[in-house]
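**Q** coordinates only, sequence not included:
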């Protein structure tokens, strides 16, 4: 039969493709332990754990880390509120302009980051808004809305309208229905959306370079180190931190929404 | 709930009265829900896009270096200078090459995941594509700087396998080669393909999953060979997915400015031009005009894609 088995060539190409996606990341871990800090020599001449200590004591790493955490937290919070509201409105209604609104939500992430960044930069320049932490948050929250929206709207679609009607029939008002029926059902989807939004914001660099002014988030710090390297293994240590700070939320989001038809993350 | 019966319960408070109001006027609830997010997106995002357009019609005073806030097409005319046209063409060629590269590597992965992966392997393929998609962009780019460096793992592996000659021969090809992989257009291409690959796999896989198995059986029953089935049944049905994926890879490559800055020659791309013009050069109008170029190209691209039915595969 013709369609039962994959040919060997296809298997090799598929597994090879997956390895191509994953192996490069492992090098980041290896190079964090190298004794060579002036070049990217492979194989590393020796292995050491000293760079973790060096990174810990580097004063210039902590403020960007705190800033990134703060920005990601606030942006996620704003995006969760706005994303939930818009998904509730879009879930089971049809109205004039619905298509346009869904396009508007997706646009910040569909257009290249340089456009979003440059647009915000133009607006700040025209309105004479000085760069601050809030200008960073403004940009991040804008493109995080779609992440929360995607997760929440998929869950809304799966919820049966019957439970909301049952709740109303039993005498609950809208707010009670929201608190006791809707929220428990949406919970994991919202949490997953929030996790992904946090990961996206924590790691964002392109829009941030246009909205940060003189401030550095952790990705901007990393970018500066990439352009002008100093202690290369220290950059690797930071890269591991950034990697884990995005990797862990994504895994949690996956497990929160696993089994549903709308597993988190299939659309970025 | 479909039949209107008089309320039996007495109204108890504000929450109940609001509930009744929303019940009688569902549009009101809709408006309440939509207003905050639409205000945010409308003001912050559409407002910014409008500001971008506005800026692109301003110009910069050549003597004072200040932005002249008068309507002019002078800034757009500057885009057609030879050096700026070069940037645009270089960006388009790279975007097209990256899109084709991604499609070629993505197809077997998407095809296997959609048609043959079962149970545990399905999850492996899903996570295997999703994790790289979401994991840190900068970390991924950085990993390739390590790989492509002159003293890095590729040079080492080529030496070990006795293929240094081949590597050097590739690097000496004018146009794509360079001093080392990390300072060559070929390196830039590789990193682009790597970083955007998951964006191609996912829509492709979605399109392939929708190809009914019965159709393949019918094709086989009618005497088509594997190759014929692939060419005349699977590939045309996968096309919307390929086009949907190409929207991402094309648009993302066109707007990126980090990768060419870290891996590659110093030749500029649209994204890098925008970044440098708004930053060190302080020429926001020209930066804005440059940023409008990808928007225009993407709008044309999307219109063509829509006609080909690519949006059903998103």
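**A** That came through, no problem. Since the structure is predicted, the reported quantities are computational estimates derived from the model, not experimental observations.

**Q** Let me know the pLDDT of residue A:197.
**A** Residue A:197 carries a pLDDT value of 90.

**Q** wait, what's in contact with it?
**A** Neighbour list for residue A:197: A:75, A:76, A:79, A:80, A:83, A:144, A:147, A:148 [criterion: CB atoms under 8 Å, 6 or more residues apart in numbering or on different chains]. In this view, the C-beta of every residue, glycine as well, is placed from N, C-alpha and C.

**Q** Please list all residues in contact with the residue in the stretch 51-200 of chain A positioned nearest to chain B.
**A** In the stretch 51-200 of chain A, the residue found nearest to chain B is residue A:112; the distance is 2.0 Å by CB to the nearest CB. Applying CB under 8 Å, 6+ apart, one finds that residue A:112 lies in contact with A:206, B:251, B:252, B:254, B:255, B:256, B:271, B:294.

**Q** Also residue B:163?
**A** Per CB under 8 Å, 6+ apart, neighbours of residue B:163: none.

**Q** Tell me the spacing between it and residue B:201.
**A** Distance, residue B:163 to residue B:201, by CB to CB, to the nearest Å: 29 Å.

**Q** before we move on, back to that, closest one of the contacts of residue A:197 to residue A:210?
**A** Of all these, residue A:210 sits closest to residue A:75, with 15.3 Å by CB to CB.

**Q** And for the closest one, the neighbour number?
**A** As a burial measure, residue A:75 scores 26 neighbours (other CB atoms under 10 Å in any protein chain shown).

**Q** Now the residue of the stretch 51-200 of chain A closest to chain B, what are its backbone angles?
**A** phi -60, psi 150 (degrees, to the nearest 10).

**Q** pLDDT value on it, please?
**A** Per-residue pLDDT puts residue A:112 at 82.

**Q** Over to the one 10 residues further on?
**A** According to the model's per-residue confidence, residue A:122 sits at a pLDDT of 84.

**Q** That one reaches residue B:58, doesn't it?
**A** No. The criterion here is CB atoms under 8 Å, and residue A:122 misses it with residue B:58 at 9.6 Å.

**Q** Same drill for the two, tell me which one is more crowded.
**A** Counted by other CB under 10 Å, residue A:122 and residue B:58 do not tie: residue A:122 has more neighbours, with 28 against 21.

**Q** can you pull the contacts of the more buried one?
**A** B:48, B:51, B:52, B:54, B:55, B:284, B:288.

**Q** ok, and of these, which contact chain A?
**A** Among these, the ones lying near chain A by CB under 8 Å from any CB of the partner chain are B:48, B:51, B:52, B:54, B:55, B:284, B:288.

**Q** Figure out the helix or strand that the first one lives in.
**A** For residue B:48, the element it lies in under DSSP states H and E is helix B:47-56.

**Q** so which of the contacts of residue A:197 also contact chain B?
**A** Okay, of the contacts of residue A:197 touching chain B (CB under 8 Å from any CB), that's residue A:83.

**Q** closest to residue A:183 among the contacts of residue A:197?
**A** Distance to residue A:183 across these (CB to CB) is lowest for residue A:80, with 12.2 Å.

**Q** Can you get me a residue count around the closest one?
**A** Neighbours around residue A:80, by other CB under 10 Å: 24.

**Q** now the one helix or strand it maps to, how far from the chain's geometric center?
**A** Counting by DSSP H and E, the element that carries residue A:80 is helix A:62-91. From the chain centre to the centre of helix A:62-91 is a distance of 10 Å (CA atoms, centre = their mean, to the nearest Å).

**Q** Can you name the next helix or strand after it?
**A** Sequence-wise, the next helix or strand downstream of helix A:62-91 (DSSP H and E) is helix A:98-110.

**Q** ok, residues contacting that following helix?
**A** Defining contact as CB under 8 Å, 6+ apart, one finds that helix A:98-110 is touched by A:86, A:90, A:116, A:142-143, A:145-147, A:149, A:268, B:34, B:37-38, B:41-42, B:45-46, B:251.

**Q** What segments of the chain are strands?
**A** As the question left the chain open, I've gone with chain A. Under the criterion DSSP state E, chain A carries no strands.

**Q** please go with chain B instead
**A** B:59-60, B:67-68.

**Q** these two touch, right, residue B:145 and residue B:263?
**A** Yes. Using CB under 8 Å, residue B:145 is in contact with residue B:263, at 6.0 Å.

**Q** quick one: which of those two has more around it?
**A** Taking other CB under 10 Å, residue B:145 and residue B:263 do not tie; residue B:263 has more neighbours (27 against 21).

**Q** Let me know the pLDDT of the more buried one.
**A** pLDDT recorded at residue B:263 is 87.

**Q** Please apply the same query to residue A:21.
**A** With respect to pLDDT, residue A:21 scores 87.

**Q** Using CSV, lay out the contacts of residue A:197 together with pLDDT.
**A** Formatted as CSV, those follow (pLDDT from 0 to 100):
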residue, pLDDT
A:75, 94
A:76, 94
A:79, 93
A:80, 93
A:83, 91
A:144, 90
A:147, 87
A:148, 90
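
**Q** Of the contacts of residue A:197, which is the most crowded?
**A** residue A:144 leads these on contacts (other CB under 10 Å) with 31 neighbours.

**Q** Now for that one: which residues touch it?
**A** A:75, A:76, A:78, A:79, A:83, A:197, A:200, A:201.

**Q** Please repeat the previous calculation with a cut-off of 6 Å.
**A** The neighbours of residue A:144, taking CB atoms under 6 Å, 6 or more residues apart in numbering or on different chains as the test, are A:75, A:79, A:197, A:201.

**Q** Return the two entries of those that lie farthest from one another.
**A** The most widely separated members of these are A:79 and A:201, with 8.2 Å between them, by CB to CB.

**Q** Skipping its backbone neighbours, what lies nearest residue B:186 in space?
**A** With sequence-adjacent residues excluded and distances taken as CB to CB, 6 or more residues apart in numbering or on different chains, residue B:186 is closest to residue B:176, at 4.5 Å.

**Q** same check, this time on residue B:42
**A** Leaving aside its chain neighbours, residue B:42 sits nearest to residue A:104 (7.7 Å; criterion: CB to CB, 6+ apart).

**Q** Please tell me how far the closest residue to residue B:185 other than its chain neighbours sits from residue B:165.
**A** In space, and not counting its chain neighbours, residue B:185 is closest to residue B:176: 5.0 Å by CB to CB, 6+ apart. In this view, residue B:176 and residue B:165 are 17 Å apart by CB to CB.

**Q** neighbour count winner among the two?
**A** Between residue B:176 and residue B:165, counted using other CB under 10 Å, the more crowded position is residue B:176 (14 against 9).

**Q** Chain neighbours aside, what residue packs nearest to residue A:112?
**A** Residue nearest to residue A:112 in three dimensions, not counting chain neighbours: residue B:255, with 2.0 Å by CB to CB, 6+ apart.

**Q** Can you tell me which residues in the stretch 101-250 of chain A are near chain B?
**A** A:104, A:108, A:112, A:114-115, A:118-123, A:125-126, A:138, A:142, A:165, A:171, A:173-175, A:203, A:205, A:219, A:222, A:226, A:239, A:242-243, A:246-247, A:250 (CB under 6 Å from any CB of the partner chain).

**Q** List buried residues within the residues you listed.
**A** Among those, the ones that count as buried by 16 or more other CB atoms under 10 Å in any protein chain shown are A:104, A:108, A:112, A:114-115, A:118-123, A:126, A:138, A:142, A:173-174, A:203, A:205, A:219, A:222, A:226, A:239, A:242-243, A:246-247, A:250.

**Q** Please name the residues that touch the closest residue to chain A within chain B.
**A** In chain B, the residue that lies nearest chain A is residue B:255 (2.0 Å; CB to the nearest CB). Applying CB under 6 Å, 6+ apart, we find residue B:255 in contact with A:112, A:114, B:271, B:294.
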